[in-house]
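Trainee: Okay, sequence plus prediction incoming.
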Amino acid sequence: MPINIPKELPARETLQKEKIFIMDEERARTQDIRPLNILILNLMPEKEKTELQLLRLLGNTPIQVNITFMRTATHQSKNVSNYHLDNFYTTFDKVKNRRFDGMIITGAPVEHLDFEQVNYWVELTEILEWAKENVTSNLHICWGAQAALYHYYGVEKKLLEEKYFGIFKHRITDPTEKLVQGFDDNFLAPHSRHTTVETNTIKNHPELFLLSKTEEDSPFIILSKDRKNIMITGHLEYDATTLADEYQRDLNKGKAIDIPVNYFPMDNPEIEPPNTWRSHTHLLFSNWLNFYVYQQTPYYWD
């Protein structure tokens, strides 16, 4: 089944070329089924790239999905036009009286700041508190995962000596967990972060479960024990070239940056990198929508 997105959203043309099943609001209204309503709080600066990455994954499902993009009202994005924000995004004030089957909170380039120093932190905590009663399942990515761990469970982030940057191998602690149904015992995933959370802190927390970690023992997929919150410290949603774009961006800015680990063939930035994590990314998003959203959400909200 398709994802339901605005007819004029720029990502639409690319998704159609890639044979992702989409429909507009007019056709969606004729579907006599209960669609899933997914809210995406997009905190990434290049919003259109993130939209496309997430829509590819949410569109690969037999369930009809209605997408609502949300931005923060207390921070003005510099890398996207006001036209795009005005036409395709809403703010919390406009949706806080609604309920959603699922919500995705993306990463954000604010790792160097303490959480309380982020100019939209108060707004974000209001959204996280609202989600307790108004969202069935929440998927938090990278900084969004660290923010959820801190706000809900008091888990502090830790600054790394060097950026954790590249493609890393991961292990699953419980292959029977439905979120990783179909996963290989070992799988690859991208990371691009300057901070982490302590493995022992997650393992010893009474409300959290460590589902996957890297070979270096860094937490990757963390679940709340009630399965309402899923925290992913990396970026399974990334395209094949996203790390290359970040690497080149930092080089152009004169930053000291190492080549992403296990990414470019022969560590040669001139060679296009392959996507070695795509199948597991699709599995995770499909499993999330099926088992944690569709199977759990009420048909009618009270």
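Mentor: It's in.
Trainee: quick one, what contacts S218?
Mentor: Listed by Cβ atoms under 8 Å, 6 or more residues apart in numbering, the contact partners of S218 are 164, 168, 191, 196, 199, 233. No exception for glycine: its C-beta is placed from N, CA and C like everyone else's.
Trainee: Need the three-state assignment for the first one.
Mentor: Three-state call for Y164 (DSSP: H, G, I helix; E, B strand; the rest coil): strand.
Trainee: ok, it - contacts?
Mentor: Under the criterion of Cβ under 8 Å, 6+ apart, the contact partners of Y164 comprise 191-194, 196, 218.
Trainee: next one: the second one
Mentor: Contact criterion Cβ under 8 Å, 6+ apart gives 188-191, 214-216, 218, 234, 261-262 as the residues in contact with F168.
Trainee: For it, list each beta-bridge partner.
Mentor: With beta bridges defined as DSSP bridges, F168 has these partners: A189.
Trainee: Just to check, V110 is in contact with L124?
Mentor: No. Assessed by Cβ atoms under 8 Å, V110 is found out of contact with L124, at 10.4 Å.
Trainee: what touches both of these two?
Mentor: Both V110 and L124 are in contact with V118, where contact means Cβ under 8 Å, 6+ apart.
Trainee: Out of the contacts of Y164, which is nearest to V118?
Mentor: Looking at the contacts of Y164 and their distance to V118, the nearest is H194, at 14.5 Å (Cβ to Cβ).
Trainee: Specify the local secondary structure of the closest one.
Mentor: When the structure is split into helix, strand and coil by three-state DSSP, H194 lands in strand.
Trainee: Near it, how many other residues are there?
Mentor: Using other Cβ atoms under 10 Å as the criterion, H194 is surrounded by 16 other residues.
Trainee: related to what we said a few turns ago, V110 and L124: which has the busier surroundings?
Mentor: Under the criterion of other Cβ under 10 Å, the comparison of V110 against L124 puts L124 first, with 23 against 17.
Trainee: any idea which of the contacts of F168 is the one closest to F100?
Mentor: Proximity of these to F100 (Cβ to Cβ) peaks at G234, which lies at 24.2 Å.
Trainee: Pull the contacting residues for that closest one.
Mentor: Taking Cβ under 8 Å, 6+ apart as the criterion, G234 is in contact with 142, 168, 189-193, 220.
Trainee: gap between the closest residue to R193 other than its chain neighbours and L139?
Mentor: Taking Cβ to Cβ, 6 or more residues apart in numbering as the measure, R193 lies nearest to Y164, with 5.3 Å between them; neighbours along the chain are not counted. According to Cβ to Cβ, to the nearest Å, Y164 stands 20 Å off from L139.
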